[in-house]
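Visitor: Okay, here's the prediction I keep looking at, along with the sequence it came from:
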Amino acid sequence: MKTVMAIEDMQRRKDELKLSLKDLEKLSGVPAPTIQKIFSGTTANPRRATLIALAGVLAEDRYPYEASSVGAVREDPAHPKVIFDRQGTYTIEDYFALPEDIRAELIDGVFYLMANPSADHQLAAGEVYYQVRDFINRNGGNCLPMIAPFGVQLDEDDRTMVEPDLIILCERNRLRRRQYFGAPDFVLEVLSPSNRRHDLVRKLVKYEAAGVREYWILDPMKEKVTVYLFGEETDIMQYDFDTPIPIGIYDGKCTIDLQGLKELLHEIEE
């Protein structure tokens, strides 16, 4: 388990980024009054999960961002010909009309281009998929794991369509031929240099608001997984690749072993 960032460093980083308590509440999922009590020292021994959530937003080594740019469009130099001149007004009809060689997600009417995945990315998502699928097959489960690219009509409206790296669907009646309608029970996103802010901030907020029960953020470079269990009170945990990771929606009966993945990633050359 990784050491949590010191509270004094969090306060300094908050000031550097010009974030208000409400900004931190939105980005971390921690209520603003709770953050205020931690920073003021009123809460002497805050929960580790709460500190991890705040550190996920304020850590020095995370993808840099400014509070004012959280909704900004990420540009992809691989597609200089793509110009989205109606950001904020696009619909799922526009999403399905994109050229086949363009991968993008639609969130609240805004398109975000997606870079081609790396070998690290594909191996990580594939390993988790394989182990989840094996568990379901051995236990006769009803849920379906699905791997990207596949669209999720997250908010059940016509303004958002995301493509998580891995999802587990337990309400099979919501599955359509071209997309899943509603919030998956489980979502995994694999971090890469081009998508850190997108997955750590923007999609974290969207997944929780939509009703996703469990969200994993897997970082192949740092060999860690951050697990968000959404509910009445969000629980956040961090694991390294040497620790079996329980899947919350299966009450810990399904665990993911990433030691083999760790060894494989070390073999890959730049």
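Guide: The structure has been received and is ready for your questions.
Visitor: shouldn't residue 250 be in contact with residue 136?
Guide: No - using Cβ atoms under 8 Å, residue 250 is not in contact with residue 136, being 9.2 Å away. In this view, the C-beta of every residue, glycine as well, is placed from N, C-alpha and C.
Visitor: Helices along the stretch 51-200 of the chain, start to end?
Guide: Under the criterion DSSP state H, counting those that start in this stretch, helices of the stretch 51-200 of the chain are mapped to 92-96, 119-139, 196-197.
Visitor: In a markdown table: these, plus distance to residue 44 and mean pLDDT.
Guide: Putting the helices of the stretch 51-200 of the chain into a markdown table (distance: least, Cβ to Cβ, whole Å; pLDDT from 0 to 100) gives the following:
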| stretch | distance to residue 44 | mean pLDDT |
| --- | --- | --- |
| helix 92-96 | 49 | 94 |
| helix 119-139 | 38 | 95 |
| helix 196-197 | 32 | 72 |
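Visitor: what's the closest of those to residue 16?
Guide: helix 196-197 (16.1 Å; Cβ to Cβ).
Visitor: Next SSE downstream of that closest one?
Guide: Sequence-wise, the next helix or strand downstream of helix 196-197 (DSSP states H and E) is helix 203-210.
Visitor: contacting residues for the residue nearest to residue 129 when sequence neighbours are not counted?
Guide: Using Cβ to Cβ, 6 or more residues apart in numbering and skipping residues adjacent in sequence, the residue nearest residue 129 is residue 147, 4.9 Å away. Going by Cβ atoms under 8 Å, 6 or more residues apart in numbering, residue 147 touches 125, 126, 129, 165, 166.
Visitor: Just the buried residues from those residues, in PyMOL please.
Guide: Buried members of the contacts of residue 147 can be picked out in PyMOL with the line below, counting by 16 or more other Cβ atoms under 10 Å:
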select buried, resi 125+129+165+166
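Visitor: Alright, calling it a day.
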